[in-house]
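K.L.:
Sequence and predicted structure are below.
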Amino acid sequence: MNEAMQMLLLRSEIDAFNASYAATLDERRFDAWPDFFLADARYKVQARENFDRGLPLALIDLESQGMMKDRVYGITQTIYHGPYYTRHVVGPAQVLSQEGESVRAQANYAVFRTRPGDASEVYNVGRYIDELRRTATGLKLASRTCVYDSEMVLNSLIYPI
Amino acid sequence: MNEAMQMLLLRSEIDAFNASYAATLDERRFDAWPDFFLADARYKVQARENFDRGLPLALIDLESQGMMKDRVYGITQTIYHGPYYTRHVVGPAQVLSQEGESVRAQANYAVFRTRPGDASEVYNVGRYIDELRRTATGLKLASRTCVYDSEMVLNSLIYPI
Amino acid sequence: MNEAMQMLLLRSEIDAFNASYAATLDERRFDAWPDFFLADARYKVQARENFDRGLPLALIDLESQGMMKDRVYGITQTIYHGPYYTRHVVGPAQVLSQEGESVRAQANYAVFRTRPGDASEVYNVGRYIDELRRTATGLKLASRTCVYDSEMVLNSLIYPI
């Protein structure tokens, strides 16, 4: 298999990974969300302003799969919040580099929110900046940073992006 | 050809199918829309609330290609309605299962609406839940259910999603 | 390699091209934008109303890579304008035809805008209508027409679409 074909296969795999990730969140199967990550993975949701300047402040910053499970417990069991649906539309991924079992990739996303009785609206747009690792059970995230464009801190970002 | 490659080919075919479906609607070639379906296909547009609870109520429910042609006749010839443009942006498809010539797949979509003299706006977001059949003339839909997130019944959903 | 596989490879290449194009604009690497085009390429941003009727009026109409560089100089150095971020979400490409080293393709896009201190909003949705040429340095645009749905002339379309 030549190089172009291998790159194609990798991109397609990442697109399928992102589609599955999106479906898991949009269908509210939150318990399955940490499974997209490695045990020591990092998950961050950060405003572009801070990301571009290298500032550490992030809206969400989880440093392990354990913290992600805790977050899921929070959003499904304990946090009081107005319910809403999300819908992720993710563009085709770009592979930035590949070294052994490690891949750096990114993809643009738009998340739409629908609150009960309301019309759907643009909620959060930005890009996933990812480090993926190939494992025995397929691709897993070593880190995902969701860099979103609006510097307004949304008062109701409850579910993962 | 190995399994990963076959799956890749299938996903890519479905993405191309969805891109072509979107272009047909967005370019207002409505007469060609029923051709994406089998003769006895089902086309439904249903609110997520009803879909998730297994309730039958749907905004649009067409039980054959004939009913689709009738619908097209209605929207192009007889229904009085304010005109608008649509623009579909569809995410990469997920293949859920494959058995012989049958494929179950889904994809997230966002449809934007533009009314004359107005800005473009989020119109309908949700997911396509599809049963596809491979035929002599390519993939065809045995059923497409458009499950949309907003429970508000839009007073002007005229064109197919 | 059979025909289906070759078409798949081409579509995937165009999707990767579009992802890279989007990232270049969204990350504000404007100087790199003309590199996606051939020296004598055409870049147009045109309302659907005018495009559909074959009318010449376009919001932006650049007839060479030189004019694109000039435009980039304008937006980065001289035009006074309120800053904003863009985010492109591009759907899978459709290949319309292929002849030798030339490819005609199109893809739907949604561009979201985020102004400082504001929420993200739908900015410009439409489709790319492209003529691509295969060169020694990969695919390049011989022409890209961005046909957008809203006939309202946006008073602040500064950055390329």
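P.N.:
Ah, there it is.
K.L.:
residues from chain A in reach of chain C?
P.N.:
A:4-5, A:8, A:11-12, A:48, A:89-94, A:106-110, A:122, A:124-127, A:148-152 (Cβ under 8 Å from any Cβ of the partner chain). For every residue, glycine as well, the C-beta is placed using N, CA and C.
K.L.:
Number of residues surrounding the nearest residue to A:Ile60 once chain neighbours are set aside?
P.N.:
Ranked by Cβ to Cβ, 6 or more residues apart in numbering or on different chains and with sequence neighbours excluded, the top spatial neighbour of A:Ile60 is A:Val45, at 4.1 Å. For A:Val45, the neighbour count with other Cβ atoms under 10 Å in any protein chain shown is 20.
K.L.:
on that earlier part again, quick one: buried ones out of the residues of chain A next to chain C?
P.N.:
Burial by neighbour count, 16 or more other Cβ atoms under 10 Å in any protein chain shown: within the residues of chain A next to chain C this picks out A:5, A:8, A:11-12, A:48, A:89-94, A:106-110, A:122, A:124-127, A:148-151.
K.L.:
For the longest strand seen in chain A, which helices and strands make contact with it?
P.N.:
For chain A, the strand that runs over the most residues, judged by DSSP state E, is strand A:120-135. When contacts are defined as 3 or more Cβ pairs under 8 Å, 6 or more residues apart in numbering or on different chains; DSSP states H and E, strand A:120-135 sits against helix A:3-26, strand A:85-90, strand A:102-114, strand A:138-148, strand B:120-135, strand C:85-90, strand C:102-114, strand C:120-135.
K.L.:
out of these, nearest to C:Glu63?
P.N.:
strand C:120-135 (14.1 Å; Cβ to Cβ).
K.L.:
Give me the below-cutoff pLDDT ranges for chain A.
P.N.:
A:153-155 (pLDDT under 70).
K.L.:
and it, which residues reach chain B?
P.N.:
Neighbours of chain B within chain A, by Cβ under 8 Å from any Cβ: A:8-9, A:12-13, A:15-16, A:18-20, A:22-23, A:26, A:85, A:87-92, A:110, A:112, A:114, A:116-122.
K.L.:
re earlier: how far off centre is the longest strand of chain A?
P.N.:
The chain centre lies 4 Å from the centre of strand A:120-135; the measure is Cα atoms, centre = their mean, to the nearest Å.
K.L.:
so what strands line up beside that strand?
P.N.:
If you go by DSSP bridges, strand A:120-135 pairs up with strand A:102-114 (antiparallel), strand A:138-148 (antiparallel).
K.L.:
Turn those into JSON lines, including distance to A:Lys69.
P.N.:
Shown next, in JSON lines, are the strands paired with strand A:120-135 (distance: least, Cβ to Cβ, whole Å):
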{"stretch": "strand A:102-114", "distance to A:Lys69": "22"}
{"stretch": "strand A:138-148", "distance to A:Lys69": "15"}
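K.L.:
out of those, deepest packed?
P.N.:
strand A:102-114 (a mean of 22; mean count of other Cβ atoms under 10 Å in any protein chain shown).
K.L.:
Pull that one out as CSV, backbone CA atoms only.
P.N.:
Extracted in CSV, the C-alpha atoms of strand A:102-114 (Å, rounded to 0.1, in the frame of the first residue of the first chain):
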residue,chain,number,x,y,z
SER,A,102,1.3,8.7,17.5
VAL,A,103,-0.7,11.1,15.3
ARG,A,104,-1.3,14.8,15.6
ALA,A,105,-4.5,15.9,13.9
GLN,A,106,-7.1,18.7,14.0
ALA,A,107,-10.6,19.3,12.8
ASN,A,108,-13.0,22.2,12.8
TYR,A,109,-16.3,21.7,14.6
ALA,A,110,-19.6,23.5,15.1
VAL,A,111,-21.8,22.5,18.0
PHE,A,112,-25.5,23.5,17.9
ARG,A,113,-27.6,23.7,21.1
THR,A,114,-31.3,23.1,21.4
